[in-house]
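Asker: Sequence first, then the predicted structure:
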Amino acid sequence: SPAPWAACPQDMPKPEALGGIAQISPCLDLCSGNAAANRHLVYARAVTCVVNATTEIPNANWPDIEYVKVPVPDLPHAPLALSFDAVADRIHQTGKRNGRTLVHCVAGVSRSASLCIAYLMKYHRLSLLDAHQWVRSRRPVVRPNMGFWRQLIDYERKLFGKNTVRMVPSPIGLVPDVYEKETRGLVPL
């Protein structure tokens with residue numbers, strides 16, 4: 001899938017394991033709350049803005065770092081889409097000032113990943129399918145909840161007038177078609 005910047009993909013750091021910070025673009029990183037609380041890691045990445053997409057974790061409020069709080073629970077009905085544009089705009093503006101944004105939630109799996117995907121759609125013109133594939137290639141544990149998938153699908157339609165991902169029936173209920181293969185053999189509890 002297309003890299004969301006001009007630099008060669010081979011110049012990118014390798015995808016990070018669960019504990020680390022994953023580089024999504026030259027000005028955007030994604031991680032868990034634990035990694036975001038590691039002052040050494042955050043300063044080593046030259047982060048200038050932290051987007052905290054949790055209700056659970058307070059901002060660290062370290063010097064020289066701006067903090068943006070997106071207090072949304074990781075629940076399918078939570079209105080994360082209300083923050084897609086504001087967070088994408090903030091990441092973009094920070095990058096234009098040669099800054100770097102770190103987006104985190106508790107696990108770095110659902111809320112923060114959804115916000116990074118929305119940014120890639122808005123500012124790098126990636127389809128939802130490509131943005132999800134890219135973010136998952138950088139941080140393999142990424143898995144937005146089903147409600148956030150629906151909101152991302154709606155956002156893609158708003159941005160591009162069409163959809164590259166759709167919700168399909170599975171043994172565990174509606175899932176995005178990107179998960180169709182892996183849910184095929186599942187049996188509901």
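Answerer: Everything's here; your move.
Asker: So which residue is smack in the middle of the protein?
Answerer: Closest residue to the average C-alpha location of the chain: residue 113 at 2.1 Å, with C-alpha atoms, centre = their mean.
Asker: residue contacts, the closest residue in space to it that isn't next to it in sequence?
Answerer: Distances taken as C-beta to C-beta, 6 or more residues apart in numbering place residue 142 nearest to residue 113, at 4.1 Å, with adjacent residues excluded. Bear in mind the C-beta positions are built from the backbone N, C-alpha and C, glycine included. For residue 142, the residues meeting the contact criterion (C-beta atoms under 8 Å, 6 or more residues apart in numbering) are 30, 108-109, 113, 132, 135-136.
Asker: Run through who's touching the helix or strand of the chain with the lowest mean pLDDT.
Answerer: For the chain, using mean pLDDT, DSSP states H and E, the weakest element among its helices and strands is helix 180-183, scoring a mean of 72. For helix 180-183, contacts defined as C-beta under 8 Å, 6+ apart pick out 168, 170-172, 175.
Asker: Which one of the residues you listed is nearest to residue 118?
Answerer: Sorting those by distance to residue 118 puts residue 175 at the head of the list, at 19.4 Å, by C-beta to C-beta.
Asker: need the helices for this protein, in chain order.
Answerer: Under the criterion DSSP state H, helices of the chain are mapped to 33-36, 39-44, 84-96, 111-124, 128-138, 146-160, 180-183.
Asker: Compute the inter-axis angle for the longest one and helix 84-96.
Answerer: It refers to helix 146-160. 70 degrees (axes from the mean of the first three to the mean of the last three C-alpha atoms, to 10 degrees).
Asker: And helix 146-160, what does it pack against?
Answerer: Applying 3 or more C-beta pairs under 8 Å, 6 or more residues apart in numbering; DSSP states H and E, we find helix 146-160 packed against helix 111-124, helix 128-138, strand 167-168, strand 175-176.
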